[in-house]
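Q: Sequence plus predicted model, see below.
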Amino acid sequence: MDGSAPTTLTDALNKEFQESHSGVTVKYEVQKWTGIQEKLTTALTSNTPPDVIELGNTQTAKFAAEETLLDLSGDVSNLNGDQWLGGLKDSLTWDGKQYGMPFYAANRTVIYRTDLFQAAGITDTPKSRDEWVAAIEKLKAANAADPEFQALYLPGQSWYALLSFIWDEGGDVAKAQGSAWAGALNTPEAKAGLDFYKKLVDTSATKAPKDADEATPQQYEVFAKGKVGMMIGLPWELGSAVKAEASLKDKTAAFPIPSKTSGKTAPVFLGGSNLAVPAGSKNQDLAKEYLKLLSSKKYQDQLAEGGAVPGTSKDTAKLATSPLGKALAASAPNGKVTPTTPAWAAVEAGQNPLKDMLTAYLTGAKPLDQATADANAALSKTLGG
């Protein structure tokens with residue numbers, strides 16, 4: 001997929017595979033994310049599907065349930081299965097079987113301005129939620145003369161960030177009930193996570209819209225203007241901010257999203273990709289060998305050097321060579337994924353109940369209990385469909 005593994009890695013991988021498999025040619029194509037689900041559906045049901053595909057880890061269950069992916073349960077040990085992070089393995093699991101191999105992942109961290117922290121007298125990065133809130137207060141006080149300043153830029157519908165707070169409280173967005181799933185947003189734990197989200201919004205007095213997510217506008221564009229102390233973002237967002245404003249390169253860093261328990265990191269959503277072998281592949285054995293080569297330390301280290309959490313290696317030494325990489329590496333072992341069910345795709349693609357819940361509660365349109373109850377009913381209906 002566009003923006004996944006660097007070409008230096010894939011060029012070397014394809015060259016090595018061809019050299020070690022006489023007479024074999026790798027036809028390597030890069031696809032755009034827009035419309036990929038429909039394109040994969042067509043390809044996987046054709047008579048000549050690809051032999052290896054990349055797909056988002058929230059999409060895997062859908063195709064596994066449609067029986068268009070090859071069951072690789074018996075090949076996990078050959079693909080460094082003991083090195084897979086728990087959250088990534090979960091994203092590949094459907095009906096007790098493994099339908100692929102983790103490719104790479106990334107998670108959100110708190111990206112911040114080191115110069116603004118220093119000017120506000122913040123000498124260490126927050127190690128708990130309370131310290132995080134205290135840092136917000138210090139940034140606000142130090143920049144009180146600037147009406148445009150935002151200690152934390154936090155849009156109202158950043159539901160991936162909300163997941164961290166809910167999980168940190170011991171809750172979840174949904175729970176499996178046998179073979180079905182139902183919402184879990186009306187639990188005390190989920191409500192506590194939502195309440196902390198509101199605390200961040202209220203304490204920071206963020207000017208971000210309460211009825212939009214981090215892509216409307218792109219939060220890195222706001223961060224790049226220099227009036228923001230922190231944002232909860234992905235590595236590419238920091239890269240885009242630095243591209244827009246080069247001076248940020250030497251005055252930005254990151255720390256893991258803090259837990260309510262001091263010294264611990266909050267669980268984070270491990271977004272990323274999996275690799276799978278289509279059930280209709282004519283070269284399944286070669287496809288497995290291709291995945292085995294990619295799962296080796298040589299190529300996993302290259303993924304880490306490129307700034308990604310490697311899919312089949314818990315060794316993140318190559319990742320933790322920058323402040324952002326260190327934050328990613330510290331957070332990843334505590335990573336999780338959204339419910340592994342084909343119905344989840346409809347949650348993200350449709351009228352996302354989590355987004356509606358956040359906006360309703362943050363704007364005061366609904367009290368906490370009503371916002372969570374309504375969202376839970378909508379989520380259960382979608383997951384049960």
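A: Now that the structure is in, tell me what you want to look at. Just so it is clear, the model here is predicted, and its values are computed rather than measured. Residues are numbered from 1 along each chain as shown.
Q: how does this structure divide into domains?
A: The chain is divided into the following domains under the TED database: 7-106+269-336, 109-155+216-256, 156-205+350-384.
Q: looking at those, which is closest to residue 343?
A: domain 156-205+350-384 (4.7 Å; CB to CB). In short, each C-beta sits where N, CA and C put it, glycine included.
Q: what separates that closest one from the chain centre, distance-wise?
A: 17 Å (CA atoms, centre = their mean, to the nearest Å).
Q: From residue 275, how far off is residue 337?
A: 16 Å (CB to CB, to the nearest Å).
Q: Could you do residue 189 as well?
A: In terms of CB to CB, residue 189 sits 34 Å off from residue 275.
Q: ditto for residue 383
A: 26 Å.
Q: what's the answer for residue 33, then?
A: For residue 33, the distance to residue 275 - CB to CB - is 16 Å.
Q: picking up where we left off before, turn the domains of the chain into JSON lines, including mean pLDDT, mean neighbour count and distance to residue 263.
A: What follows is these, written out as JSON lines (pLDDT from 0 to 100; neighbours: other CB atoms under 10 Å; distance: least, CB to CB, whole Å):
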{"stretch": "domain 7-106+269-336", "mean pLDDT": "95", "mean neighbour count": "18", "distance to residue 263": "11"}
{"stretch": "domain 109-155+216-256", "mean pLDDT": "97", "mean neighbour count": "18", "distance to residue 263": "6"}
{"stretch": "domain 156-205+350-384", "mean pLDDT": "96", "mean neighbour count": "19", "distance to residue 263": "13"}
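Q: Save those domains as JSON lines, and put in distance to residue 262 too.
A: Rendered in JSON lines, the data for those read as follows (distance: least, CB to CB, whole Å):
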{"stretch": "domain 7-106+269-336", "distance to residue 262": "15"}
{"stretch": "domain 109-155+216-256", "distance to residue 262": "4"}
{"stretch": "domain 156-205+350-384", "distance to residue 262": "12"}
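Q: Can you say which of these is nearest to residue 344?
A: Among the domains of the chain, the nearest to residue 344 by CB to CB is domain 7-106+269-336 (6.0 Å).
Q: Tell me where the stretch 51-200 of the chain has helices.
A: 60-65, 86-92, 114-119, 129-142, 159-168, 188-204 (DSSP state H, counting those that start in this stretch).
Q: The last one versus helix 159-168: what angle between them?
A: Helix 188-204 runs at 130 degrees relative to helix 159-168, counting by axes from the mean of the first three to the mean of the last three CA atoms, to 10 degrees.
Q: Now the element after helix 188-204, going C-ward?
A: helix 219-224 (DSSP states H and E).
Q: what packs against that following helix?
A: strand 150-153, strand 228-233, helix 235-244 (3 or more CB pairs under 8 Å, 6 or more residues apart in numbering; DSSP states H and E).
Q: of the ones you listed, which approaches residue 250 most closely?
A: helix 235-244 (9.4 Å).
Q: Tell me which of the helices and strands packed on helix 219-224 sits nearest to residue 97.
A: helix 235-244 (31.5 Å).
Q: after the closest one comes which helix or strand?
A: strand 252-255.
Q: same for that next one, what does it pack against?
A: strand 109-113, helix 235-244, helix 323-331.
Q: The helices of the stretch 51-200 of the chain: which one's closest to residue 2?
A: helix 60-65 (18.6 Å).
Q: Setting aside sequence neighbours, what's the nearest residue to residue 133?
A: residue 203 (5.6 Å; CB to CB, 6 or more residues apart in numbering).
Q: try residue 75
A: residue 288 (5.6 Å).
Q: Just the C-alphas of the host helix or strand of the one you found, formatted as PDB.
A: Assigned by DSSP H and E, residue 288 belongs to helix 284-294. The C-alpha coordinates for helix 284-294 follow below in PDB (Å, rounded to 0.1, in the frame of the first residue of the first chain):
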ATOM      1  CA  GLN A 284       0.700 -20.500  -2.000                       C
ATOM      2  CA  ASP A 285       4.000 -22.200  -1.100                       C
ATOM      3  CA  LEU A 286       6.000 -19.400  -2.700                       C
ATOM      4  CA  ALA A 287       3.800 -16.900  -1.000                       C
ATOM      5  CA  LYS A 288       4.600 -18.400   2.400                       C
ATOM      6  CA  GLU A 289       8.300 -18.400   1.700                       C
ATOM      7  CA  TYR A 290       8.000 -14.700   0.700                       C
ATOM      8  CA  LEU A 291       6.400 -13.900   4.000                       C
ATOM      9  CA  LYS A 292       9.000 -15.900   5.900                       C
ATOM     10  CA  LEU A 293      11.800 -13.800   4.300                       C
ATOM     11  CA  LEU A 294      10.000 -10.600   5.200                       C
END
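Q: Can you name every helix or strand that it contacts?
A: helix 7-20.
Q: at 10 Å instead, please
A: On a contact count with 3 or more CB pairs under 10 Å, 6 or more residues apart in numbering; DSSP states H and E, helix 284-294 meets helix 7-20, strand 101-106, strand 271-276, helix 297-305.
Q: and the gap between residue 174 and residue 224?
A: 35 Å.
Q: An error on my part: the question was meant for residue 303.
A: 27 Å.
Q: Same question for residue 202.
A: Counting by CB to CB, the gap from residue 202 to residue 224 is 25 Å.
Q: go on, residue 281?
A: 44 Å.
Q: Go ahead and flag the most central residue of the chain.
A: residue 271 (2.6 Å; CA atoms, centre = their mean).
Q: Just give the nearest non-adjacent residue to that one, would you?
A: Residue 271 sits nearest to residue 106 (CB to CB, 6+ apart), 5.9 Å away.
Q: Would you quantify the distance from that neighbour to residue 384?
A: For residue 106, the distance to residue 384 - CB to CB - is 31 Å.
Q: do residue 72 as well
A: 29 Å.
Q: nearest spatial neighbour of residue 53, skipping sequence neighbours?
A: Nearest one to residue 53, counting by CB to CB, 6+ apart, is residue 276 at 5.6 Å.
Q: and the one you found, what is it in contact with?
A: Contact analysis of residue 276 by CB atoms under 10 Å, 6 or more residues apart in numbering lists 40, 44, 50, 52-55, 59-60, 63-64, 68-70, 72, 92, 98-101, 103, 287, 291.
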